[in-house]
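Chemist: Below are the sequence and a predicted model for it; my questions follow.
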Amino acid sequence: MGISRFALLAICLIISPVSSLAQARRATTSFDTAPFDSTTLKLPLNYIGHSLSAIAQILPLWKAATEKSEFETTADYQNRLSREKQKPLIGALHLNSLLAFSIGLDGANLTAKYDADMGLMTVTMEMWEEVLVGKYEDPCYSVFWSSTHRQTGSYIGRNFFNRPVRVQVYRDNVFYLGLCSSDLNAFTELRIQSDKYGFKIRDPKKSLNVAINMGANEARTVKPNLRALIIGRLRDDPIYYSEDRDEPTVSEPYDRYKQKSYVKLTPQEIWIYDISTGIIYAQVTPSPDNPVQPSKPTQPALVIAAEPSAAPKPIPPPAPRNPISVGVLNGKVISLPKPTYPRRARTARASGTVTVQVTIDESGKVISARAIGGHPLLQQAAVQAAYGALFTPTKVFDRPVKVSGIITYNFNAQ
């Protein structure tokens, strides 16, 4: 059965506007690939800034490409480094480009609450200190940006009762924005966008609170669409990675591997805006009396040493009081004695994985151990073996520290 020209024309007229609308929506919700223009008075509709995850994946490649070779002179390295910095990272973005990352209302990092009596919309951005990301004297605070969660496979394990259980394996990638304390301390005074809006900041080390004057009707419409836009440039040490693992339990047979990526930024401004309209409600800037200090150069400057007697001894930062949790430790082991298989456990054909939580001192020796998972007949043997393990000392700011983590032992009854 054929299709008349009129019917074909009608189909084209119906499909074309829908396709154009879909393309327009995809275009307006795509990530920015050009340097951010901080002089703009209004953002594009549905503006979501730059992609933190894409930059986090590119930076390790750039870092590897810019490492100095032992066969390379300092002059040649500096010339090559200068050329590498001119190459784009993504699109038109370079290493020194002005970037903007959008943070949405997720109930954790960014929240908004309206006070009808005061006529104020208070937007709060929470930040959490990350000990290993920054320096001891200048810790970094993380702001969650996004995460991906996918299943990568499964395997057959044995639970507490030695019964076979299928364990699902998942891989999580979590992306954070890292803001250092020295940069956040500069945000002590705010600039008013116009006479219509006023805002105030409190406690920049832990949270950023911005109060915006608006009526109840406007607040009702605006609140679901509010976002924070953190604007700045990459620090000289722009990326930090960490990995962790949550082992399966009886109630949750899931084996989760989590990689955390922190992109470290020197913030220059923090905006509050409506993503649906592009209206900028607040622009938070550093105080003129306490500006954000530029990042120090990655290459050390030439220093002429003074006489030993005249050089003051540096005061090292105090070591953390409590052990730092570092997750699974099997990959950092120097010596890991195998546990003896208890005769009673072998007779009962007890097998499976035993998880032992240990505390390691500054020299890499185990000073405490206790079993937190596995067959009861195998736990004592695993704990005894754990006390004989030796690990590479963990250093924070070039100082060895105590750490706590997990060791796993696999027992096979065959």
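Modeler: Okay, I see it.
Chemist: How far does the helix or strand hosting G153 sit from its chain's centre?
Modeler: Secondary structure assignment for G153, by DSSP states H and E: strand 140-158. Relative to its chain's centre, strand 140-158 lies at 13 Å (Cα atoms, centre = their mean, to the nearest Å).
Chemist: avg pLDDT for it?
Modeler: Strand 140-158 shows a mean pLDDT of 85.
Chemist: before we move on, what about stretch 214-234?
Modeler: For stretch 214-234, the mean per-residue pLDDT is 93.
Chemist: buried stuff in it?
Modeler: By 16 or more other Cβ atoms under 10 Å, the buried positions in stretch 214-234 come out as 214, 219, 222-223, 225-234. For glycine as for every other residue, the C-beta is placed from the backbone atoms N, C-alpha and C.
Chemist: For the residues you listed, please prepare a markdown table with the additional fields distance to Y254.
Modeler: Below are these laid out as a markdown table (distance: Cβ to Cβ, whole Å):
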| residue | distance to Y254 |
| --- | --- |
| M214 | 44 |
| A219 | 41 |
| V222 | 39 |
| K223 | 35 |
| N225 | 35 |
| L226 | 34 |
| R227 | 32 |
| A228 | 32 |
| L229 | 35 |
| I230 | 33 |
| I231 | 38 |
| G232 | 37 |
| R233 | 39 |
| L234 | 35 |
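Chemist: Just give me the closest of the residues you listed to Q78.
Modeler: Nearest to Q78 out of the buried residues of stretch 214-234 is L234 (Cβ to Cβ; 19.2 Å).
Chemist: helix/strand/coil for the closest one?
Modeler: L234 falls in the strand class when you classify it by DSSP: H, G, I helix; E, B strand; the rest coil.
Chemist: buried residues in stretch 401-412?
Modeler: Within stretch 401-412, the residues that qualify as buried are V401, K402, V403, S404, G405, I406, I407, T408, Y409, F411, counting by 16+ other Cβ under 10 Å.
Chemist: In this model S363 seems to touch the third one, though I could be wrong.
Modeler: No. With the criterion set as Cβ atoms under 8 Å, V403 and S363 do not qualify as a contacting pair; they are 11.7 Å apart.
Chemist: Okay, Q57 and G91: tell me how far apart.
Modeler: Remark: distance between Q57 and G91 (Cβ to Cβ, to the nearest Å) = 14 Å.
Chemist: ugh, wrong one, A100
Modeler: Distance from A100 to G91, by Cβ to Cβ: 14 Å.
Chemist: quick one: which of those two has more around it?
Modeler: A100 (22 against 15; other Cβ atoms under 10 Å).
Chemist: need the helices for the stretch 51-200 of the chain, in chain order.
Modeler: Assigned by DSSP state H, counting those that start in this stretch, the helices in the stretch 51-200 of the chain fall at 52-65, 74-86, 181-184.
Chemist: other SSEs contacting the second one?
Modeler: The reference is to helix 74-86. Applying 3 or more Cβ pairs under 8 Å, 6 or more residues apart in numbering; DSSP states H and E, one finds that helix 74-86 contacts no other helix or strand.
Chemist: Please identify the helix or strand for the residue lying closest to L43 once chain neighbours are set aside.
Modeler: With Cβ to Cβ, 6 or more residues apart in numbering as the criterion, L43 has its nearest non-adjacent residue at 4.0 Å, and that residue is G278. In this structure, G278 sits in neither a helix nor a strand according to DSSP H and E.
Chemist: residues contacting G278?
Modeler: K42, L43, P44, L45, Y47 (Cβ atoms under 8 Å, 6 or more residues apart in numbering).
Chemist: Please report how far it lies from I48.
Modeler: From G278 to I48 the distance is 12 Å (Cβ to Cβ).
Chemist: Hmm, L43 is touching Y281, no?
Modeler: No. In this structure L43 lies outside contact range of Y281 using Cβ under 8 Å: 11.0 Å.
Chemist: residues shared between the contacts of the two?
Modeler: Y273.
Chemist: Could I get the buried residues of stretch 214-234 in TSV, plus columns for secondary structure and distance to A116?
Modeler: Listed next are the buried residues of stretch 214-234 as TSV, based on DSSP: H, G, I helix; E, B strand; the rest coil; distance: Cβ to Cβ, whole Å:
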residue	secondary structure	distance to A116
M214	coil	11
A219	helix	8
V222	helix	14
K223	helix	12
N225	helix	19
L226	strand	17
R227	strand	22
A228	strand	23
L229	strand	26
I230	strand	29
I231	strand	31
G232	strand	34
R233	strand	39
L234	strand	41
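Chemist: Max pairwise distance over those: which two?
Modeler: Greatest spatial distance in the buried residues of stretch 214-234: A219 and L234, 35.2 Å, computed using Cβ to Cβ.
Chemist: Just the residues contacting stretch 108-118, thanks.
Modeler: Applying Cβ under 8 Å, 6+ apart, the external contacts of stretch 108-118 come out as 103-105, 120-127, 143-144, 216, 219-220, 223, 226-228.
Chemist: residues contacting S335?
Modeler: Listed by Cβ under 8 Å, 6+ apart, the contact set of S335 reads G388, A389, L390.
Chemist: cutoff 7 Å now
Modeler: Neighbouring residues of S335 by Cβ atoms under 7 Å, 6 or more residues apart in numbering: A389, L390.
Chemist: I58 contacts G91, doesn't it?
Modeler: No. Look at I58 against G91 with Cβ atoms under 7 Å: they stay out of range, at 10.9 Å.
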